[in-house]
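1. Give me coordinates for this.
(2 chains)
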Amino acid sequence: MKEYLLGNAAIARGILEAGAGVVTSYPGTPASEIVESLAPVSKEYNLHIEWSVNEKVALEVAIGASWTGVRSAAVMKHVGLNVAADPFMTLAYTGVKGGLVVISSDDPFCHSSQNEQDSRRYALFACIPCLDPADPQEAKDMTVYAFELSEELELPVLLRPTTRVSHARADVDVGKGKTKKSTTSHEFVKNPARWVALPAHARTRHSVLIEKQDAINAALENSPWNRLVLRGELGVIASGISGLYAEEAIERLESDVSILRIGTFPPPDDLCAEFFKHVSKVLIIEELEPVLEEYVERAAREHNPELEILGKNTGHIPRDGELDSLIARNAIADMLELTHTMEEPQSMTEADEILPPRPPALCPGCSHRAAYYAMKQVFGTDAVFPSDIGCYTLAVDMGTVDTCLCMGASINLASGIRFGGEDKDICCSIGDSTFLHNGMPGLLNAVYNNAKITVTILDNLTTAMTGHQPHPGTGVTATGDKTKSVSIEALANVLGADFVETVDPYDLNATLETFRKAKECQGLSVVIAKQACITNAIRAGVRRKPFRVNDNCVGCRECVDFGCPAIEFHEDRARINSLCTGCGVCAQICPSEAIEEVVNVK
Amino acid sequence: MRTSECCDIVVAGVGGQGVILLSNIIGKAAVKEGSPVRAAETHGMAQRGGSVITHIRLGCKFGPLVPVGGADILLGLEPAEALRYAHYLSKGGIALVNTNPVLPSTVTTGRAKYPPLDEILAPLRRICSDVKTLDATKLAANAGNPQAMNVVMLGALSKYMPLREEIVIESLRESVPAKFLEVNRRAFELGKIEME
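-> Numbering: from 1, shown residues only, chains lettered A, B, ... in the order given. Got it, this is the predicted structure:
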């Protein structure tokens, strides 16, 4: 039966069809919908799913499950694999018992990410197999295969979808989900030589891993994910979704170019050798790093030293951003020396000239805006404001986001900027989920090493940016069940901050006062600006009375500069539009008492 | 349309206008027809009130991205966003544009200007010989809810895409809450009639 499925939902179906028992993840675009798709059915399938505290934790929990013999998956975005890299690398030595699939979604073009690193490099680095799906159907089918391959090799397998697979939709042929056999109890069987990575064991396991490389090659050589079509003596080799771009381009060009589509890393040696012997010139099409290209350069030396290789190194294919069929078409046309390539897109220069920018922005009534406003009032524009990863990074125009590097970096950058010799006030900001993910060690470090900084935890009681997933501070699990709720204030206190105060950022005066006290603190101060994410609040039925501008308005623009999308400026006066959620912060900012609550709301 | 089965559509709009819901109704209808379909969506950071684009490729077995210069139909849920993504249109493509603007915060705060409608439509008409405009937001309000603007546009689109109307309506019925179905049916009809 065919269903119209998001790539991530298709991967979730693959996890169910493989009969996995444990799936762990930290939310991250473009990977978040995998666990979200599993949540409604996890109990029916006797599947433990969790939002883990971070990706390292997620992978380690999945490893523990695998070592009891159950199939498990750890799901993350590409940069999450950096966080999980420590267990990931040694897991290749210890190996797995139940099939373990690491799903790391890459994001070419940085649609929602701070970099566009290539997860295939990680698989090569760890010497484990990597599968590179081209579309949602293949993503689902490869997921099932990945569990089987993992068990066969006793190695973790990396599945690497990209944004245009994870967030693509397509008609997908779905099979039946398997229920994990609840009657069989899985147990951890002690085996120190495997599960204890002491140096003596690790040396042995490294040899085992090296010996397994032939088995990896043999398994992938016979897998259905690499497809060869021999036609003319010019050829294209393309990886993952680039294979589809190449096929479309070849069809549109009506050319007889030979094509080898690659879905596995390492690539299949025999199939590649056959291809290299058939063609005289080859174009390598792949997104991001020249992983396939470097393989071809190496392998062609043996099978066809005369082979002319085009790709990133010759400038035919860009190494950054994402590809599409147009880029593939132009590169193939160039190889074919076709002078009449595709028509250039029609010139639309005036679009750039006349259209107003429409950047993503904090929502109307977002409490982060209010917290940042108060922070800037107290610390001034000269202070240094390291920030972190979350919705609040969108406030970069407010002047309170001076840095954004990776999850949890804000507190450590603040410390380093202080120790580097910066004398000005330093007030960093980090979201609640990000603080729990990786911010806690930073706060501990800052306390321990006497960094005089202010840490603002922007607590909106959710992981908002990635789609409002719960975290340990919310008292709810991935399945919506109640659990313990961890107090961020208690954590800040126990980690040793000299000053900790929680304030509601909708209360402007109180927030200003708290920031003043934090600024005056001689040690390390923590301000927790706590107010539920407005989008979540509205979904939960919270309705506040909206505000309006009265005749007292003198057009000073103080409220407009606050930057809320609900506040407009027309003909020398402010106006509040229908987007107002009633947070009331602008009324507290207005120096003329010109903003008031609408009393009679229908 | 390139062929009777193959049709590339680009939907442009603003986060919150229901771009993804609209695209999903089309995609599900294609699956009901037994036709292959590929689509690409904007999620995450870019969604927060920013400009949003989805690609829908009916009858397609390749990648989900409509190549620049390849769209048979550009469905603009907002005029400025229609122009922003107009370079996706193929020569001979059709543009269906909702004329009701949504002002970005850069405009409401006085940092940028929103051009008059005819200044937006003029360059669009230069590259596209078939631009059809409608005030879909007003039509949706007439149908009972301005939020149903996306379904007005779906009704307009139904005249041009190679999917049977009854299948699109069946997909619509399965995609919206039952209590809003009547409003949405009216919105669909109004959009369709506008194209006749």
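2. In three-state terms, label the spatially most central residue of chain B for me.
-> Nearest residue to the geometric centre of chain B (C-alpha atoms, centre = their mean): B:Leu75, 3.4 Å. Here B:Leu75 is strand, with the state taken from DSSP: H, G, I helix; E, B strand; the rest coil.
3. what's the answer for the one 5 residues further on, then?
-> Judged by three-state DSSP, the three-state class of B:Ala80 is helix.
4. again with B:Pro67
-> Applying three-state DSSP: B:Pro67 is coil.
5. Backbone dihedrals for it, please?
-> Dihedral pair for B:Pro67: phi -70, psi 150, per degrees, to the nearest 10.
6. State the number of residues packed around it.
-> Counted by other C-beta atoms under 10 Å in any protein chain shown, the residues lying close to B:Pro67 total 24. Placement of C-beta: from N, CA and C, glycine included.
7. repeat for A:Ser112
-> Per other C-beta under 10 Å, the neighbour tally for A:Ser112 reads 22.
8. ok, now A:Lys277?
-> By other C-beta under 10 Å, 12 other residues sit near A:Lys277.
9. Tell me if I'm right that it and A:Asn304 touch.
-> Yes: A:Lys277 lies in contact with A:Asn304 (C-beta atoms under 8 Å); the separation is 5.9 Å.
10. coming back round to it: thought B:Ala12 was touching the residue nearest to the centre of chain B, still the case?
-> Yes: look at B:Leu75 against B:Ala12 with C-beta under 8 Å: they come within range, at 7.2 Å.
11. Give the bridge partners for the residue nearest to the centre of chain B, please.
-> On the basis of DSSP bridges, B:Leu75 is bridged to B:Val11, B:Leu96.
12. how near is it to chain A?
-> B:Leu75 sits 16 Å away from chain A, going by C-beta to the nearest C-beta, to the nearest Å.
13. so who does that residue touch?
-> B:Ile9, B:Val10, B:Val11, B:Ala12, B:Leu22, B:Leu96, B:Met153, B:Ala156, B:Leu157 (C-beta atoms under 8 Å, 6 or more residues apart in numbering or on different chains).
14. Same list, these, but as CSV with neighbour count please.
-> Below are the contacts of B:Leu75 laid out as CSV (neighbours: other C-beta atoms under 10 Å in any protein chain shown):
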residue, neighbour count
B:Ile9, 25
B:Val10, 28
B:Val11, 32
B:Ala12, 26
B:Leu22, 24
B:Leu96, 26
B:Met153, 31
B:Ala156, 25
B:Leu157, 25
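15. which non-adjacent residue is nearest the closest residue to chain B within the stretch 451-600 of chain A?
-> Chain B sits closest to A:Glu568 of the stretch 451-600 of chain A, with a gap of 3.8 Å, by C-beta to the nearest C-beta. With sequence-adjacent residues excluded and distances taken as C-beta to C-beta, 6 or more residues apart in numbering or on different chains, A:Glu568 is closest to B:Thr108, at 3.8 Å.
16. Tell me, how many residues neighbour the one you found?
-> B:Thr108, neighbours per other C-beta under 10 Å, totals 22.
17. And for B:Asp72?
-> 23.
18. That one in helix, strand or coil?
-> Here B:Asp72 is strand, with the state taken from three-state DSSP.
19. so which strand or helix has the closest residue to A:Ala331 other than its chain neighbours?
-> Excluding its sequence neighbours, the residue lying closest to A:Ala331 (C-beta to C-beta, 6+ apart) is A:His316, at 4.4 Å. Per DSSP states H and E: A:His316 is located in neither a helix nor a strand.
20. what does B:Leu181 give?
-> Using DSSP H and E, B:Leu181 maps to helix B:181-194.
21. Report the buried residues of that helix.
-> Neighbour-count burial for helix B:181-194, counted by 16 or more other C-beta atoms under 10 Å in any protein chain shown, picks out B:Val183, B:Asn184, B:Arg185, B:Arg186, B:Ala187, B:Phe188, B:Glu189, B:Leu190, B:Gly191, B:Lys192, B:Glu194.
22. what's the following helix or strand after the lowest-mean-pLDDT helix or strand in chain B?
-> Lowest on mean pLDDT, DSSP states H and E among the helices and strands of chain B sits helix B:105-108, with a mean of 87. Note on helix B:105-108: by DSSP H and E, the next helix or strand toward the C-terminus is helix B:117-127.
23. wait, does the next helix or strand after that next one contact chain A?
-> Following helix B:117-127 in sequence order, the next helix or strand is strand B:130-134 (DSSP H and E). No: residues of strand B:130-134 contacting chain A under C-beta under 8 Å from any C-beta of the partner chain: none, with a closest distance of 13.5 Å.
24. Just the CA atoms of strand B:130-134, as PDB, please.
-> Extracted C-alpha coordinates of strand B:130-134, given in PDB (Å, rounded to 0.1, in the frame of the first residue of the first chain):
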ATOM      1  CA  ASP B 130      -0.200  34.000 -18.100                       C
ATOM      2  CA  VAL B 131      -0.600  35.700 -14.700                       C
ATOM      3  CA  LYS B 132      -4.000  35.100 -13.000                       C
ATOM      4  CA  THR B 133      -4.800  37.200  -9.900                       C
ATOM      5  CA  LEU B 134      -7.500  36.900  -7.300                       C
END
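25. neighbours of the nearest residue to A:Met348 once chain neighbours are set aside, just the number please.
-> With C-beta to C-beta, 6+ apart as the criterion, A:Met348 has its nearest non-adjacent residue at 4.9 Å, and that residue is B:His87. For B:His87, the neighbour count with other C-beta under 10 Å is 17.
26. Could you check how far the helix holding B:Leu181 is from the centre of its chain?
-> Here helix B:181-194 is found 15 Å from its chain centre; the criterion is C-alpha atoms, centre = their mean, to the nearest Å.
27. Show me what that helix is in contact with.
-> The contact list for helix B:181-194, computed with C-beta under 8 Å, 6+ apart, reads B:134, B:136, B:139-140, B:142-145, B:148-149, B:151-159, B:165, B:169, B:172-173, B:176.
28. Report the buried members of these.
-> Buried members of those, scored by 16+ other C-beta under 10 Å, are B:134, B:136, B:139-140, B:143, B:148-149, B:151-159, B:169, B:172, B:176.
29. can you tell me which of the residues you listed are in helices?
-> Of the buried ones among the contacts of helix B:181-194, the ones assigned to helices by DSSP state H are B:136, B:139-140, B:143, B:149, B:151-158, B:169, B:172.
30. still on that earlier bit, roughly how far apart are the residue nearest to A:Met348 and B:Ile26?
-> Using C-beta to C-beta, to the nearest Å, B:His87 is found at 22 Å from B:Ile26.
31. for chain B, what are the low-confidence residue spans?
-> B:1-5, B:44-48 (pLDDT under 70).
32. cutoff 50 now
-> The model of chain B has pLDDT under 50 over residues B:1-3.
33. and if you look at chain A?
-> For chain A (pLDDT under 50), the answer is A:183.
34. can you rerun that using 90?
-> For chain A, residues meeting the criterion pLDDT under 90 lie at A:1, A:175-186, A:222, A:338-352, A:359-361, A:570-571, A:578, A:599-602.
35. B:Ser90 and chain A: what is the separation?
-> Look at B:Ser90 and chain A: by C-beta to the nearest C-beta, they are 9 Å apart.
36. Now that residue. Nearest residue, chain neighbours left out?
-> Excluding the flanking residues, the one nearest B:Ser90 by C-beta to C-beta, 6+ apart is B:Gly70, at 5.3 Å.
37. Which residues are in contact with that neighbour?
-> Contacts of B:Gly70 (C-beta under 8 Å, 6+ apart): A:Leu326, B:Asp8, B:Tyr88, B:Ser90.
38. try it again with 7 Å
-> Residues in contact with B:Gly70 (C-beta atoms under 7 Å, 6 or more residues apart in numbering or on different chains) are B:Asp8, B:Tyr88, B:Ser90.
39. wait, is A:Glu50 part of a strand?
-> Yes: under three-state DSSP, A:Glu50 sits within a strand.
40. Hmm, A:Pro27 and it touching each other?
-> No: proximity of A:Glu50 to A:Pro27 does not meet the contact threshold set by C-beta atoms under 7 Å, at 11.5 Å.
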